[in-house]
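Participant: any chance you can model this:
(2 chains)
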Amino acid sequence: MAIDKTITGAEAVITALVENGVEVIFGYPGGAVLPLYDAIFDNKKIKHILVRHEQAAVHAAEGYARSTGKVGCVLVTSGPGATNAITGLTDALMDSIPVICLSGQVPTHLIGTDAFQEADTTGISRPCTKHNYLVKDADNLCDIIHESFYIASTGRPGPVLIDLPKDVQLTKIKYNKKRNRIKNKSSNNNPKINMKIITKVVDLLVNAQKPIIYAGGGVINAGPKTSTLLTELVDLLNSPVTLTLMGLGSVSNDNKNFLGMLGMHGTYEANLAMHNCDVMLNVGARFDDRVTGRLNAFAPNSKKIHIDIDKSSINKVVSVDFGIVGDCKEVLTILVQEIKKLHNQKILKSKTDWWTQIKEWKKKDSLGFKQIGKNIKPQQAIKSLYNKTKSFDTFITTEVGQHQMWAAQYFGFSKPNHWMTSGGLGTMGYGLPSSVGVQIAHPDSLVIDISGEASFLMNMQELSTIVQYNLPVKIFILNNQWMGMVRQWQELNHGSRYSESYTESLPDFVLLAKSFGIKGLRVEEIDKLDSTIDEMLNTNGPVIADIRVEKEENCFPMIPSGAAHNEMILGAEDKPKDTSDAGLALV
Amino acid sequence: MSVYQNNEINEEETSRTLSLVVDNQPGTLARVIGLFSGRGYNIESLNVTEIDNTRNLSRISLVTRGTSMTIEQIKSQLLRIVPVHIVRDLTLEGPFIRSELALVKLIIKGANRVEALRVAETFRARTLDVTLSSFVFELTGKPSKIDAFIELMRSLGDTEISRTGVSAISRGNKSETKLLEQIELN
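Facilitator: Residues are numbered from 1 along each chain as shown, chains lettered A, B, ... in the order given. Predicted structure coming up:
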């Protein structure tokens, strides 16, 4: 039987993307992807968003993925296109975001000859993707695309790169549909949950007198239902709950048991509860160094339970008493079920003492600040922004630094998938392109990029993308003219020797906005803050709001580097001990 | 002591022999090696070759060192690599055989040539090549036996060494067939 070789590789790629549910692709054309761009040209099912830099394409895809739960899709050319995407891919790997990146490659017969715009893309991206492919045989193309979606979105999600030589894109092939079963060992990556351990864990949780639930991005990745389950578990156990930066929104900020974010800039009560707990339940978080502080003093008297889809996360940095490898949703379903079976007030140990203690810690009001004088405190700027946007379906993206921490501390998140930030990699310049992806996915929602002036400069070329697609993104720049977090560490650890951390030669952001034909606002005094935010929110198109804030405000509370949860400092007056030599070496 | 040192402090590092079944594809070995270098683990010995050409599979025998927590981490990390199908910890599983092949060239003239042959015979090394001023011996066995042989040869003259690295397999009737059958034909 003659096989119908009816379509080109490039057309097959686009067909396979459609078959896998892709509606939007973020990309930038170039020589090695011209056949793919030709296939997109009159395709009605996929909308291509032209970014202004390939790194931004990946961040946009991340924002799209994180705010929808779908796989984000990227298309870049060979050589510089692919190398520019590397930061984005690493970011997606660190934060477990499902992204497919298609990269062009020089034709197979030129690979290895140092051809124009050739780079060893699979070699370069190997450590920063979950998996990658170089497609040398066009007949494998369809299967590889289908498999890549499976790999990106199952188990612990992550980025997958497919390198597509130009001749492969031009070869005529027969289109293969997705098969029911993907031939891949990770089809077995839905591990069976060990019920014996569940029984022990339930017993531990029910008998805990000082429990704490600590949840992270895994809860968000497991879908919105998981947040409901987590909240149910919190209520059933009447346990305090704290969230990591990546987990914000998985329990509503107004939940009475929610202690706020934990970790380096977490609340006093969250960190002290972690330090003093007797049972810790970690749901989909990974004991990141921003969270644990000094490891040899981390929750010293506790039994620890860790739920994670990735076996390698368990016992990586903190050894736990019980590790459960599984999807957060499935494990929480079982836990809630089992606890409900046992549930009556007599079985649950009284937690009155524990809650009394937590209330004492709360009295410290670790997020308290004083808005005095005319200068705008950055904390107040975020608080006001939150108060004015509470009633909307608001999506927040951030860059990296002080403004990111203040956003995490003072903005309230009541739902999952509404908070997009670069947690693991800490990529300055993430927020603006990410907001592009979020706004594309949610055209009618309010999308705000909470930014710092230094981070904003890193990817501000995306203003052009925002204008091209008329995305009504609100860019809320906390402008203190410093790389604030760098300045803060130099103040605390390097004797206020502010080496290269001043943001010199800033543009006039209002004029910058004007040059793109969008609205620019500036506010310098506290009594005009509210009206500026109102004006920003009431504007139909994109806005850059230059919020001039107190220049030398530090981000507190803080666990200094090398310190433990119970050694956190609450403010400048709370003079920290000199950072230890070992602590100085930490980032 | 580092402040970020994990809470398992005093355990000694031990040597472990791992046996991996992986897809025989470009890049698979690079992924495995990249994992070790990227995460700061050591490879003491590495040996790779195809073992099944219908399924297109290779075996990697690998010797590494670490505390039990590190070894568990290495094994879990290896299993995250998509083309890695099976990771067996032979040291943990029970008795196993590790064997290595070495080719040793000895440049030698005069009276000591007899001594070299005598040592080779004692070690049951095969003589693969002879000239009036050199030998090439082939020796298989445990790495420690090969170390001892090489040391003796070095004391006799100039040497050139080529070793395969450890190849390992478990003792007894335990088989991988079932595990392998779960891997679909590529």
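
Participant: pLDDT weak spots in chain B?
Facilitator: Scanning chain B for pLDDT under 70 picks out B:1-10, B:184-186.

Participant: give me the longest strand you can find in it.
Facilitator: Longest strand of chain B, by residue count under DSSP state E: strand B:96-107.

Participant: next, the buried residues of that one.
Facilitator: Neighbour-count burial for strand B:96-107, counted by 16 or more other C-beta atoms under 10 Å in any protein chain shown, picks out B:96, B:98-106. (C-beta placed from N, C-alpha, C; glycine too.)

Participant: who does that strand pair up with?
Facilitator: strand B:134-141 (antiparallel), strand B:158-163 (antiparallel), strand B:167-170 (antiparallel) (DSSP bridges).

Participant: quick one: contacts for B:F135?
Facilitator: Contacts for B:F135 (C-beta atoms under 8 Å, 6 or more residues apart in numbering or on different chains) come out as B:105-106, B:108, B:113, B:116-117, B:120, B:127, B:129.

Participant: who wins for neighbours among those?
Facilitator: B:L106 (24 neighbours; other C-beta atoms under 10 Å in any protein chain shown).

Participant: which strand residues bridge that residue?
Facilitator: B:F135, B:T159.

Participant: for chain B, what's the nearest residue on chain A?
Facilitator: A:S312 (3.5 Å; C-beta to the nearest C-beta).

Participant: any idea how many residues pack against that residue?
Facilitator: Neighbour number of A:S312 under other C-beta under 10 Å is 20.

Participant: residues contacting the residue lying closest to it once chain neighbours are set aside?
Facilitator: The shortest distance from A:S312 to any non-neighbouring residue, by C-beta to C-beta, 6 or more residues apart in numbering or on different chains, is to B:S76 (3.5 Å). Shown in contact with B:S76 (C-beta under 8 Å, 6+ apart): A:310-312, A:314.

Participant: where in the stretch 451-587 of chain A is pLDDT low?
Facilitator: For the stretch 451-587 of chain A, the ranges with pLDDT under 70 are A:575-578.

Participant: pull up the residues of it that are close to chain B.
Facilitator: Neighbours of chain B within the stretch 451-587 of chain A, by C-beta under 8 Å from any C-beta of the partner chain: A:562, A:580, A:582-583, A:586.

Participant: what is the least confident helix or strand in chain A?
Facilitator: The weakest-scoring helix or strand in chain A, judged by mean pLDDT, DSSP states H and E, is helix A:581-584 (a mean of 79).

Participant: tell me the buried residues in that one?
Facilitator: A:G583.

Participant: equivalent analysis for stretch A:309-329, please.
Facilitator: A:309-320, A:322-329.

Participant: pull the most distant pair out of the residues of the stretch 451-587 of chain A next to chain B.
Facilitator: The most widely separated members of those, counting by C-beta to C-beta, are A:S580 and A:L586 (9.5 Å).

Participant: which of the buried residues of stretch A:309-329 fall within strands?
Facilitator: A:322-325.

Participant: and the residue nearest the centre of chain B?
Facilitator: B:V166 (2.3 Å; C-alpha atoms, centre = their mean).

Participant: next, work out how far apart the residue of chain B found nearest chain A and A:I533 are.
Facilitator: Nearest residue of chain B to chain A (C-beta to the nearest C-beta) works out as B:S76 at 3.5 Å. Distance, B:S76 to A:I533, using C-beta to C-beta, to the nearest Å: 47 Å.

Participant: next: B:L117.
Facilitator: 91 Å.

Participant: before we move on, what SS does the spatially closest residue to B:V21 that is not a sequence neighbour have?
Facilitator: Excluding its sequence neighbours, the residue lying closest to B:V21 (C-beta to C-beta, 6+ apart) is B:I86, at 4.0 Å. Following DSSP: H, G, I helix; E, B strand; the rest coil, B:I86 is assigned to strand.

Participant: for B:I86, give me its contacts.
Facilitator: By C-beta under 8 Å, 6+ apart, the neighbours of B:I86 are B:19-21, B:176, B:179-180.

Participant: try B:V136
Facilitator: Contacts of B:V136 (C-beta under 8 Å, 6+ apart): B:103-106, B:127-130.

Participant: same thing but at 7 Å, please
Facilitator: Residues in contact with B:V136 (C-beta atoms under 7 Å, 6 or more residues apart in numbering or on different chains) are B:103, B:105, B:128-129.

Participant: ditto for A:L446
Facilitator: A:L446 touches A:389, A:392-395, counting by C-beta under 7 Å, 6+ apart.

Participant: with A:K349 instead?
Facilitator: Here A:K349 is in contact with A:207-209 (C-beta under 7 Å, 6+ apart).

Participant: and the strand or helix carrying A:L432, how far out from the chain's middle?
Facilitator: Here A:L432, judged by DSSP states H and E, is contained in helix A:431-441. Mean-position distance between helix A:431-441 and its chain equals 13 Å (C-alpha atoms, centre = their mean, to the nearest Å).

Participant: by contact count, what packs against it?
Facilitator: helix A:54-68, strand A:394-398, strand A:446-452 (3 or more C-beta pairs under 7 Å, 6 or more residues apart in numbering or on different chains; DSSP states H and E).

Participant: torsion angles phi and psi at A:V106?
Facilitator: phi -60, psi 160 (degrees, to the nearest 10).

Participant: my error: substitute A:G218 in the last question.
Facilitator: Taking degrees, to the nearest 10 as the convention, A:G218 sits at phi -60, psi -30.

Participant: so what's it closest to, chain neighbours aside?
Facilitator: Counting by C-beta to C-beta, 6+ apart, the residue nearest A:G218 is A:G284, at 1.9 Å.

Participant: can you pull the residues of chain A lying near chain B?
Facilitator: Chain A comes close to chain B at residues A:122, A:126-127, A:131, A:151, A:183-186, A:289, A:294-296, A:311-312, A:315-319, A:562, A:580, A:582-583, A:586, as judged by C-beta under 7 Å from any C-beta of the partner chain.

Participant: what helix or strand is A:E535 on?
Facilitator: Using DSSP H and E, A:E535 falls in helix A:529-538.

Participant: tell me how many other residues crowd A:S391.
Facilitator: Neighbours of A:S391 using other C-beta under 10 Å come to 8.

Participant: can you pull out the low-pLDDT segments for chain A?
Facilitator: In chain A (pLDDT under 70), the answer is A:1-3, A:181-190, A:343-347, A:575-578.

Participant: among the contacts of B:I86, which are in helices?
Facilitator: Among the contacts of B:I86, the members found in helices (DSSP state H) are B:179-180.
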